[in-house]
Each structure stands twice: as C-alpha cells, then as structure tokens.
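**Student:** Let's see this in three dimensions:
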Amino acid sequence: MRVLLTGGAGYIGSHTLLKLLQDGRNSVMALDNFSNSSPEALRRVQKLSNSNFETHVGDYREPNVLDSVFDSFRPDAVIHFAGLKAVGESNEKPLLYYDQNVSGSIGLLDCMQRFGCKKIVFSSSATVYGEAQYLPYDEDHPLNPTNPYGRTKYFIEEIIRDWVASQSDASAVLLRYFNPVGADESGEIGEDPRTIPNNLLPYISQVAVGRLKELSIFGNDYETRDGTGERDYIHIDDLAAAHIQAVKFALDNRGCEAINVGTGKGVTVLEMVKAFEEASNREIPFQIKGKREGDVARSFAKVTKAQKLLGWRAEKDLVDVCRTAWNWQTKNPSGY
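**Tutor:** Coordinates of the predicted model:
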C-alpha cells in the first residue's frame, strides 16, 4: 500500500507519518510546502522510525506539483491534511481559506481521479457541527458551521461525498477531529506554531516556558462548569492511530463515512490550565478577554462509531496530554 500525506510535515501529519512507518507502511510520501511546518519534523520522524520515506516539497494547489507526485509515486490512498486551520484568521481572510482549503481539495480529487487513486482519508473538524443542538455530538448532528474555516471543512466533505458517489470503487473517511493536543513520547516532534498560537495547549506551554507573557482566555461567561469554553481534547498519538485504522477501512470498503475522533469527554480552559500547571510545576498567568467570533461554548464527541467501524478508541488522558506537551516544549523551547 502506497500512502500520500498532503501536509505531511505538519503537526498532525508528522505524527501520523511516524505511526504509518512504525506500523510497517514504508511506501509513504510526505508532500508539504513548509508554509506552516518545518523540514526538521520530517528529519526527526526518519530518525525516530529508522525508516526511509519519500518527500516532495511543493504547494498542493499547483497542478504541476500534484501531477509530478502522482506520476512518480502512484499512491493507493491519500491522507489529506493540507490546509489552513485558524478560526480567527478565517474570519479575517475568508477568500484565502476558500482558495487554500476548498479549491486545493478539488484539484487534489481531480488529480486522484486522473491517476486512478480512489481512496482518501480527509482531515475534517468538529467545527462542521456549529452550535450544539444536543451533546455529545454524534455524526448525525445537523451541520451548521459558524465560521469560514468550519464552512471550508463542510464544503470539502460534501465535495468528497459527491466524488465518491460518482465512482462505484471509491471510498472516503471524513475524520472529524475535536481538539488534537500533546506530543510524541520522545519529545522530538510536537506542535510548533509559527506565530502566536491559535490553539490553547501550545499557547499555555509557551507561557510556561517563557516565550509568551500570559495566556489569553476568550470568554468566562459561557454556560459551562467554570464559565470558560469546554472542548474534547484528544492526544495526538491517539489521533494518528485513528488515521491508520481509517486508511485500512477505506481500502477494504466502499462509500463515504464521517467519523468523530475524540475522547467523549469535555475539559474547560481553566481545567486545562490547572492540569498543565501540575504537569509543569509552573504557574500560568492569564487574562480574560472577550469572546471570539465563531467560538462555541461546549464541544465533545460521541465516539461509538469510531469504535464500531474502525476498532479505535482514545487511550491517553489529560495527564498524558500535558506531560507530553511539556516534554516537547522543554526539549524544544524555541520549536524546531
């Protein structure tokens, strides 16, 4: 089995690449333009796995890049990570997000079809659900994303559904991530945002290590246990393992399945701060600010479908999350 990872050097991509190699999948290629990632991540994956894999540097939106990759590598399946992912930025630059995420994905599917590659695992998001009509979110919950980033994920899901329906031998798994966090146990690869982090845990860890002065908490009057936003945080190792199972499922089945990937439990911002303070033995100063446009109060998954179809469930807990994130940050105080 030959697997192409678009955005393979990114946070989720690099951990999934490592899991694929550790699972014995040596015919793997990582495609990345390093716009929000580092080639160092790929060098470290190679060292950790003691395995060789192919790398192609380029923007997946460029047709000549995809044609070159598919012509030389001939993948059997694609895991599609490439894309922009910041909710706040998507509100400010919606056209950039539609171009990068939606237009890019259409070009990828077109190239897959031309080269006879009919299997895809898509990096989707729980943001497709929008405000909760009920909790936990299951895969049948109405889809009503509240920001351009979430809408790009929703549109891509629908495009993939139509693409699969048009071909009797195609299959897709739409993995709706909740909140990926943590790092590899080695501390060699982890989340390394180029600018001020948009996600909670790297923000906390950069405050703990002294790169940032204080944490900004956006809103403390939500209807949650302590007024701060509540999310389902899934360890990156568990998320990477879900991709391995999703690829296997796509290869053995036909049609399109949307599957939640989470723990089924919610953690508030203040609970995460406390857990990280305990793991790092550092105080995390914070300041309460106004709510961000597009944020929802609570979000956590129903995960029975992943257990049933993929034979997968999250294994790691909040202690593992904070411990491995702090291990990564202390070993790499300035990132890659």
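
**Student:** Which parts of the stretch 151-300 of the chain are helices?
**Tutor:** 200-209, 236-252, 269-280 (DSSP state H, counting those that start in this stretch).

**Student:** Nearest to Glu62, out of these?
**Tutor:** helix 236-252 (24.7 Å; C-beta to C-beta). C-beta coordinates here come from the backbone N, C-alpha and C atoms, glycine included.

**Student:** and the end-to-end length of stretch 67-83?
**Tutor:** 19 Å (C-alpha to C-alpha, to the nearest Å).

**Student:** again but with stretch 259-268, I slipped
**Tutor:** The first and final residues of stretch 259-268 sit 23 Å from each other (C-alpha to C-alpha).

**Student:** Mind listing what's buried along that stretch?
**Tutor:** Ile259, Asn260, Val261, Gly262, Thr263, Gly264, Lys265, Gly266, Val267, Thr268 (16 or more other C-beta atoms under 10 Å).

**Student:** Please apply the same query to stretch 276-294.
**Tutor:** Residues of stretch 276-294 classed as buried: Phe276, Ala279, Ser280, Arg282, Ile284, Phe286, Gly294 (neighbour count, 16+ other C-beta under 10 Å).

**Student:** When you compare pLDDT across those residues, which one is lowest?
**Tutor:** Across those, the smallest pLDDT goes to Gly294, namely 70.

**Student:** ok, so what distance separates the closest residue in space to it that isn't next to it in sequence from Asp140?
**Tutor:** Distances taken as C-beta to C-beta, 6 or more residues apart in numbering place Asn147 nearest to Gly294, at 3.3 Å, with adjacent residues excluded. Noted for Asn147: a distance of 22 Å to Asp140, by C-beta to C-beta, to the nearest Å.

**Student:** Please apply the same query to Tyr203.
**Tutor:** Counting by C-beta to C-beta, the gap from Tyr203 to Asp140 is 33 Å.

**Student:** what about the two, which has more around it?
**Tutor:** With neighbours defined as other C-beta atoms under 10 Å, Tyr203 and Asp140 compare such that Tyr203 has more, 21 against 9.

**Student:** check contacts around the more buried one.
**Tutor:** Ile196, Pro197, Leu212, Leu215, Ser216 (C-beta atoms under 8 Å, 6 or more residues apart in numbering).

**Student:** run the last query once more with 7 Å
**Tutor:** By C-beta atoms under 7 Å, 6 or more residues apart in numbering, the residues touching Tyr203 are Pro197, Leu212, Leu215.
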